[in-house]
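Q: Everything below, folded, please.
(4 chains)
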2 protein chains.
Amino acid sequence: MPRDRGNVRRRMREAALELFLEKGYDGTTAAEIAARAGVTERTFFRHFPDKREVLFNEAELHARLDAAIAEAPPRLGPLEAVVWAFQSLAPMFEENRPLAEPGRAVIAQTPALQERQLAKTASITRAITEALQRRKIEPALAGLAAVTGMAVTGHALQAWVQDPSLPLVEHFEQAFQALKQLSKPAPR
Amino acid sequence: MPRDRGNVRRRMREAALELFLEKGYDGTTAAEIAARAGVTERTFFRHFPDKREVLFNEAELHARLDAAIAEAPPRLGPLEAVVWAFQSLAPMFEENRPLAEPGRAVIAQTPALQERQLAKTASITRAITEALQRRKIEPALAGLAAVTGMAVTGHALQAWVQDPSLPLVEHFEQAFQALKQLSKPAPR
DNA sequence: TGCTTTATGTCAGTGACTGACAATAGAGGT
DNA sequence: ACCTCTATTGTCAGTCACTGACATAAAGCA
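A: Residues are numbered from 1 along each chain as shown, chains lettered A, B, ... in the order given. Purely as a prediction, here's the structure:
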């Protein structure tokens, strides 16, 4: 019965998001999601290890970040390389926006999903750290650049959701500049 | 039937830890934990919102941290206040060590528990941020001091588990000194 | 002693997730 | 067009986390 191959996954993601917006995450059963996608509950759990995963797409982000950090100009420092990598992924974020934006809303009101979000952030941070080490950055510095880069990125994505008029690239740039302001002057 | 009052909770925590060490987290059912504590599964879920919570003790830590940060000497800066607060809670950590140490081992090999751990860390970080703001620290600085303080504390606790010969207070001190080293010199 | 409150037991039910096995659609070869 | 082989999916039964409703007994108090 392999009729759609990779499309089944996408259909289930879309069906899930629709239902979550209609009835909330807790009010939606995995069987309902599967049904709307024209498939069985069992198939749902073959594609996603658990119900929460339907809202996240870590694998793709992970792979693209790995590649982007490797391709960043060698002259760039660790934090700059991270920012550069996210900048280069901006088109992907823009493209996924129709799904990502309402997804954030659902996550925001569901503790179980916020928890998973934290785990995903941690996982991506580890991935960035390793990618930086492949650029011959020492581990401690790589880790620091990774968490900082993730924080800046998260901030920029947040701002982008609230103000879609500005392109994501600009939000990245602003957040990065704000960080520089923070670390520069000794106040008072 | 209120015979033990608060003791039931402690008995269930101990029973859970024992069983987790014997059969692993996933191999242990909530009913088994309850049975070993001489109680019903339903009672277990009356005391803990879910199975994972049996391994964490956020409420107490949260309350004590709030108080400790409020009591820290006024002359201390935000990060110093956080470190001071954790220092003052060292006796509590030392006392809970028999439970906390094996608990860490269980968490380390159970993804579901690591996820919850991240959530707890985030929650405590928020609590510290708010406590610092009550000391008239501006929000951005308070948040930065909170995450930094949590990172230093986590590092110290990690080291303490691996080297119990040194008192926890010393580990806190060492980790704090290490942080200062990191932020001081501009390498190369 | 009788009454109220509180912690627990009992029971039935939902929903997430899993293992085992059967059934079918598609690719590729003949 | 027919056959074969493999990747996916459907079906079914079962475990376990978690919940609501109601009954019950212990503890505190009048």
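Q: I'd like to know how many residues surround residue A:122.
A: Close neighbours of residue A:122, defined as other CB atoms under 10 Å in any protein chain shown, add up to 17. The way it works is simple: take the backbone N, C-alpha and C, and place the C-beta from them, glycine included.
Q: Also residue A:71?
A: Around residue A:71 sit 11 other residues, with neighbours defined as other CB under 10 Å.
Q: Now it: closest residue in space that isn't a chain neighbour?
A: Nearest non-adjacent residue to residue A:71, counting by CB to CB, 6 or more residues apart in numbering or on different chains: residue A:88, 7.7 Å away.
Q: mind listing what that neighbour touches?
A: By CB atoms under 8 Å, 6 or more residues apart in numbering or on different chains, residue A:88 lies in contact with A:68, A:71-72.
Q: Let me have those in TSV, extended by pLDDT.
A: Putting the contacts of residue A:88 into TSV (pLDDT from 0 to 100) gives the following:
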residue	pLDDT
A:68	97
A:71	96
A:72	97
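Q: Take the residues you listed and keep only those in helices.
A: Counting by DSSP state H, the contacts of residue A:88 place A:68, A:71 in helices.
Q: Between the contacts of residue A:88, which sits nearest residue B:52?
A: Each of these was scored against residue B:52 by CB to CB, and residue A:68 proved nearest at 35.0 Å.
Q: you'd agree the closest one is up against residue A:89?
A: Yes - judged on CB atoms under 8 Å, residue A:68 makes contact with residue A:89 at a distance of 6.0 Å.
Q: Go ahead and confirm residue A:41 touches residue A:34.
A: Yes - judged on CB under 8 Å, residue A:41 makes contact with residue A:34 at a distance of 4.7 Å.
Q: Looking at those two, which is more packed in?
A: A count of neighbours by other CB under 10 Å puts residue A:34 above the other of residue A:41 and residue A:34, at 22 against 14.
Q: which residue sits closest to the more buried one, ignoring its sequence neighbours?
A: Looking at residue A:34 with CB to CB, 6+ apart, the closest residue is residue A:44, at 4.2 Å.
Q: now residue A:148
A: Excluding its sequence neighbours, the residue lying closest to residue A:148 (CB to CB, 6+ apart) is residue A:79, at 5.9 Å.
Q: okay, now the domains of chain A?
A: A:7-50, A:56-183 (automatic domain parsing).
Q: I'd like those laid out as TSV, including distance to residue B:104.
A: Shown next, in TSV, are the domains of chain A (distance: least, CB to CB, whole Å):
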stretch	distance to residue B:104
domain A:7-50	24
domain A:56-183	17
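Q: CSV for those domains, including distance to DNA strand D?
A: Output for the domains of chain A, formatted as CSV (distance: least, CB to the nearest atom of the strand, whole Å):
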stretch, distance to DNA strand D
domain A:7-50, 3
domain A:56-183, 9
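Q: so which of these gets nearest residue B:177?
A: Within the domains of chain A, the stretch nearest residue B:177 is domain A:56-183; the backing value is 15.0 Å (CB to CB).
Q: For the host helix or strand of residue A:103, buried residues please.
A: Using DSSP states H and E, residue A:103 falls within helix A:90-108. The neighbour-count check on helix A:90-108 (16 or more other CB atoms under 10 Å in any protein chain shown) flags A:90, A:93, A:100, A:103, A:106-107 as buried.
Q: returning to that earlier point: reformat the contacts of residue A:88 as JSON lines; add distance to residue A:10.
A: Formatted as JSON lines, the contacts of residue A:88 follow (distance: CB to CB, whole Å):
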{"residue": "A:68", "distance to residue A:10": "23"}
{"residue": "A:71", "distance to residue A:10": "27"}
{"residue": "A:72", "distance to residue A:10": "30"}
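Q: Out of the contacts of residue A:88, which is nearest to residue A:163?
A: Scanning the contacts of residue A:88 for proximity to residue A:163, where the rule is CB to CB, the winner is residue A:68, at 24.5 Å.
Q: how about the nearest residue to that closest one once chain neighbours are set aside, what does it touch?
A: In space, residue A:68 comes closest to residue A:85 once its chain neighbours are excluded; the distance is 3.7 Å by CB to CB, 6+ apart. Under the criterion of CB under 8 Å, 6+ apart, the contact list for residue A:85 reads A:65, A:68-69, A:72, A:128.
Q: Distance of the residue nearest to residue A:148 relative to DNA strand C?
A: Distance, residue A:79 to DNA strand C, by CB to the nearest atom of the strand, to the nearest Å: 36 Å.
Q: Return the residues in contact with that residue.
A: A:145, A:148-149 are the contacts of residue A:79 under CB under 8 Å, 6+ apart.
Q: any idea which element it lies in?
A: Assigned by DSSP H and E, residue A:79 belongs to helix A:78-88.
Q: How far does that helix sit from its chain's centre?
A: 15 Å (CA atoms, centre = their mean, to the nearest Å).
Q: same deal with stretch A:117-129?
A: The chain centre lies 9 Å from the centre of stretch A:117-129; the measure is CA atoms, centre = their mean.
Q: same check, this time on stretch A:154-165
A: 13 Å.
Q: Buried residues in the helix or strand bottoming out on mean pLDDT in chain A, which are they?
A: Here the helix or strand of chain A ranked lowest by mean pLDDT, DSSP states H and E is helix A:168-183, holding a mean of 86. By neighbour count, with 16+ other CB under 10 Å as the criterion, the buried positions of helix A:168-183 are A:168-169, A:171-172, A:174-176, A:179.
Q: From residue A:84, how far off is residue A:73?
A: Per CB to CB, to the nearest Å, residue A:73 is found 7 Å from residue A:84.
Q: Of the two, give the one with the bigger neighbour count.
A: With neighbours defined as other CB under 10 Å, residue A:73 and residue A:84 compare such that residue A:84 has more, 18 against 8.
Q: from memory that one sits against residue A:75, does it?
A: No - between residue A:84 and residue A:75 no contact is recorded; they are 10.6 Å apart, counting by CB under 8 Å.
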